Structures are given as structure tokens and as C-alpha cells.
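Asker: model this:
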Amino acid sequence: KICLQNLFLNNIENLLRTSFTMVRFYMENAKDIPEIYKIVDRKKLEVVNKPITEPHGLPNECYISEDYTKIERKKLFEDKWIVVGTASSIPNKGDAKPFNFLDLPIIILRDKKNKIRVFHNVCSHRGYKILQKSCNIKNAIRCPYHSWTYNTNGKLIATPHIGGMNKHSTKDFDKSASSLKEIRSAVWLDLIMINISNNEIKFEKYIKPLSDRWSKFWSEKDRELISHSNDFGYFQLRANCNWKFAIENYCESYHLPWVHSNLNSYSKIEDHYHIQGLPNRFAGQGTTVYNPRLKGKEKFPCFPNWPKDKEHIAEYVALFPNVMLGIHKDHYYAYWLEPVNHKYTIEHMEIYYVGDKAANSKKFKSLRKQNHKLWKGVQSEDVNIIEGMQEGRNSPSYNGGNFSPIMDNPTHHFHKWVVTNVI
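Answerer: Model (predicted):
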């Protein structure tokens, strides 16, 4: 009996020792597991990168999980070049406005030397969100909490009573170390691009593959002619869905006959071709039959160096992660996304023409109004579709989607970009 008891106790001791070893091994190695795999099964993500005849698309977690969205904010937005607005929206020196990107508060302003700057919208003293609404800064930005004050270069210039009553400086505090934290930025085609983590390659190098592609019909000189329309140059749509659905839908022309029946009547699905950028930063579609059908005798002026043999070419490209671009011989637009959370997105459409006369004169007002109505109608049709996809992602039976190996290449290109960068 005693032998049996000892055998039993030895077995228990060995079992506990083995269990403890396994737990210790797991705890030591858990820190090496990428955070994304704690939220999404590794196999669900890895399959996306397979050739288009084999994979599924992004799994449901990438659209409905708040925890996943936190990783995406860091990997796809903070670490990449993203769009947060337009330079033409702050036209005057001192113009400034606050903007929140997935709860990250920033300030966009035009400094006294006419340079666009972007800062984290937080006072270096107590972390107050310093700019609450759009304004024109006459001299400086003042924090309402303790009146710490910054100039438009972000430099801290005043710290009232920091050394005690009526002592506005102290040898123990270095103002130069407490300026507003500037975010790396660039302006391209009027778009304000930022790289929050300051870890991406230079913007000029980042955009070069797309810029080079377009140079064969849209020259650098012609791009300088773009002018934002002040009357019919903007609209906003709100979509109850994840931001990625807007990009996925924009990349492909497969849906044209059923979603955009009017557009498809003169720009048919067979008139389109795929665009897949390398390195993988953009994707989309092009048409070979662009021919604006606006009423009236007037015609928009065209970009002067747009080749005659390519005047019916128009291209629609999503520059990852959050802007969709459309270029034509007579106008250009930027349709940029403001993700609010994992299931709500604000879409901003900015429309530009060739020179200020085309963009703002009375002569072309009727054409601008018609063109505005056209694009708002097209994009509104898409909103109904992408909201339906968000609802569908709540189904556990959905495997992420099976691609058409012929029609879905640009969308698959985007999915691969997401997976490659979130891991």
C-alpha cells in the first residue's frame, strides 16, 4: 500500500514538473508571437498571399475586430504615408485646423512662410488637446489650460508663471525641449501626406512608381496646373463600414454592369484594364473610352501636354492605404478616406480642373455642377454596396472570399499589401 502511495505521489510530482516546464516555455516564447496572431489565426492571413487561384481574402477579423484595428492603426497608418487633408483647404498663412485620425489628434497648419506643417495636437505641458477648432493663427497657438504658447513652427515661446508668480522662465526648464511634436509631411497633388512614425522611405521615392506611370500622359508640368473648385469641388459621404471595403471596391471594374448601370452604358466592363503597382503600393483600373457626356456647348480645357492618342485614357488608382485617385484629360480628383473606427468611414471627394478659370469661373459652372453630380452619384452607388459587405462579414460561414482569377487581381493585390504590412 505504501509503495502504491509513493508511486502515485511520484507520478503527481512528475506531472506537475512537466506542466510547470510547459507553462514556463509558453510564457517565455509568447512574447515572440506577433500580436496579430493572437487576434487572427496565422493560417487565415498566410493564405491571402498565395497565387490568386488558391487564396481566400482577408478574414472577418480584419473588418469587425476592434483589437485588430489597433494593430492596423500602427502598421498601416502610422508606419505608412497617409492622406489627412488638402493644402487648398488651408490657403492662407496662419490657417490651421484640428483633425483626428482613428482617435489620434493632429494639427494641420500653414506657417508664416507659407509651408504646410503637421503636429501632434497635444500640449507638451499637461497633454491637453490644444487646437479645438479651425482658425487663422495671427501670432501663436495658445493652450487654454495653462496658457503655454507656441508659434506656427511649433516652438514653445511662452510659459506663464512657470517659475512662480510673474516668473515666466526658469533655469531648470528648457523651452526648446518642449516644442510641439512635428509629424513628417509632404504635399503632392494638393494632398497632405504624413508619416507619423517617421520610418517610411522618403515620399519622393515612395510615390515614384505611380508618378512615373502617369508621366507618359500626365506630365509634371501639367500637374502644376490643377486648381480646386470652390463651388462644386467637394462632397462628403459617410459609410457604415470598414475603410478597406472602399479601397477594394474602387480597385476593380468587375461590379460596373450591376452597380453602375448608367456608367456602364458608355464605359463598359470590357473597356477597362487592371493596374497593379510594383512595388505593391497601389492598384486600380483604367478605361480606354473616357468621353465626358456633359450638356452644353462648352468643354473643359484639357491638360495641354496630354497626348492626343491617349485622350480617351483615364485611370482610377487606389494609393494604399487611404486615397483613391482619378485622372482624366480634363480633370483630376482625390477621394480620400477618414477611418473613424472599424465599422465607420468618412469619404472626402476633392475635384480639380485645369487652371483656375475652369475650376471657378462662371463660364464653366454648369459643367462643374454636372460633373460633381456625376461623381457623387457613382460614389453613392458604391456606398450601398460596401455597407452590405460590412454586414456580411458578421457571418462566421464566410471564409474571406474566393477571387475571380481574371477579374479580381487588383483587389487581391490590396489584400496582399494589408497582410504583408500587418504581420
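Asker: quick one, helices of the chain?
Answerer: 2-30, 42-46, 61-64, 66-72, 203-214, 220-223, 243-251, 256-259, 261-264, 355-360, 365-392, 409-422 (DSSP state H).
Asker: which residues of this structure score low on pLDDT?
Answerer: 1-32 (pLDDT under 70).
Asker: Can you report how many residues neighbour Ile269?
Answerer: Neighbourhood size, Ile269 [other C-beta atoms under 10 Å]: 17. All C-beta spots, glycine's among them, are computed from the backbone N, C-alpha and C.
Asker: Counting neighbours, what do you get for the nearest residue to it once chain neighbours are set aside?
Answerer: Using C-beta to C-beta, 6 or more residues apart in numbering and skipping the chain neighbours, the partner closest in space to Ile269 is Leu256 (4.8 Å). Leu256 is flanked by 20 other residues according to other C-beta under 10 Å.
Asker: surely Leu256 meets Leu263?
Answerer: Yes. Assessed by C-beta atoms under 8 Å, Leu256 is found in contact with Leu263 at 6.5 Å.
Asker: and the nearest residue to Ile275 once chain neighbours are set aside, how far is that from Leu189?
Answerer: Leaving aside its sequence neighbours, Ile275 sits nearest to Gly284 (C-beta to C-beta, 6+ apart; 4.5 Å). In this view, Gly284 and Leu189 are 15 Å apart by C-beta to C-beta, to the nearest Å.
Asker: Which of these two has more residues huddled nearby?
Answerer: Between Gly284 and Leu189, counted using other C-beta under 10 Å, Gly284 has the larger neighbour count: 27 against 21.
Asker: right, and Glu252 touches Gln285 too?
Answerer: Yes. Here Glu252 reaches Gln285: they are 6.4 Å apart, a contact under C-beta under 8 Å.
Asker: deepest of the helices of the chain, which one?
Answerer: helix 243-251 (a mean of 25; mean count of other C-beta atoms under 10 Å).
Asker: helices or strands up against that helix?
Answerer: When contacts are defined as 3 or more C-beta pairs under 8 Å, 6 or more residues apart in numbering; DSSP states H and E, helix 243-251 sits against helix 61-64, strand 282-287, strand 314-319, strand 323-327, strand 331-341, strand 344-354, helix 365-392, helix 409-422.
Asker: which residues are in contact with the first one?
Answerer: What it means is helix 61-64. 39-40, 44, 68, 72, 241-242, 244-245, 342-343, 390, 393-394, 418 (C-beta atoms under 8 Å, 6 or more residues apart in numbering).
Asker: how close does Ile423 get to Trp218?
Answerer: When distance is defined by C-beta to C-beta, Ile423 is 35 Å away from Trp218.
Asker: Show me the beta-bridge partners of the nearest residue to His413 once chain neighbours are set aside.
Answerer: Of all residues not flanking His413 in the chain, Ala283 sits nearest, at 4.1 Å (C-beta to C-beta, 6+ apart). Ala283 has these beta-bridge partners by DSSP bridges: Gln276, Ala318.
Asker: One more: Leu191?
Answerer: What pairs with Leu191, by the bridge criterion (DSSP bridges), is Thr86, Trp188.
Asker: right, and it touches Leu319 too?
Answerer: No. Using C-beta under 8 Å, Leu191 is not in contact with Leu319, being 9.0 Å away.
Asker: returning to that earlier point: please name whichever of the helices and strands packed on helix 243-251 is nearest to Ile183.
Answerer: Checking those against Ile183 by C-beta to C-beta gives strand 331-341 as the closest, at 16.3 Å.
Asker: just checking, what packs against that closest one?
Answerer: Using 3+ C-beta pairs under 8 Å, 6+ apart, strand 331-341 is in contact with strand 82-86, helix 243-251, strand 323-327, strand 344-354, helix 365-392.
Asker: Let me have these in a markdown table, extended by distance to Lys97.
Answerer: Below are the helices and strands packed on strand 331-341 laid out as a markdown table (distance: least, C-beta to C-beta, whole Å):
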| stretch | distance to Lys97 |
| --- | --- |
| strand 82-86 | 8 |
| helix 243-251 | 21 |
| strand 323-327 | 18 |
| strand 344-354 | 13 |
| helix 365-392 | 23 |
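Asker: Now the residue most central in space within the chain. Nearest residue, chain neighbours left out?
Answerer: Geometric centre of the chain, nearest residue: Asn322, 2.3 Å, by C-alpha atoms, centre = their mean. Spatially, and ignoring its direct neighbours in sequence, Asn322 is nearest to Leu337 (4.3 Å; C-beta to C-beta, 6+ apart).
Asker: I'd like the distance between that neighbour and Pro410.
Answerer: 17 Å.
Asker: Next: Pro55.
Answerer: With C-beta to C-beta as the criterion, Pro55 and Pro410 are 15 Å apart.
Asker: give me the number of residues near the nearest residue to Ile192 once chain neighbours are set aside?
Answerer: Distance criterion C-beta to C-beta, 6+ apart; nearest residue to Ile192, sequence neighbours excluded, is Gly85 at 4.8 Å. A count of neighbours around Gly85, defined by other C-beta under 10 Å, yields 22.
Asker: who touches Gly85 in this structure?
Answerer: 97, 99, 108, 191-192.
Asker: How about Lys181, nearest residue that isn't a chain neighbour?
Answerer: His120 (4.4 Å).
Asker: oh, I was asking about Arg223
Answerer: Arg223's closest residue in space is Leu189 (C-beta to C-beta, 6+ apart), at 6.4 Å.
Asker: Would you check that that neighbour makes contact with Trp336?
Answerer: No. Under the criterion of C-beta under 8 Å, Leu189 makes no contact with Trp336, lying 11.1 Å away.
Asker: Okay, and the beta partners of Glu350?
Answerer: According to DSSP bridges, the partner residues bridging Glu350 are Tyr234, Ala334.
Asker: show me what contacts Lys97?
Answerer: Counting by C-beta under 8 Å, 6+ apart, Lys97 has contacts 85, 89-90, 107-109, 131, 133-135.
Asker: actually Leu325, not the one I typed
Answerer: By C-beta under 8 Å, 6+ apart, Leu325 lies in contact with 189, 315-319, 332-335.
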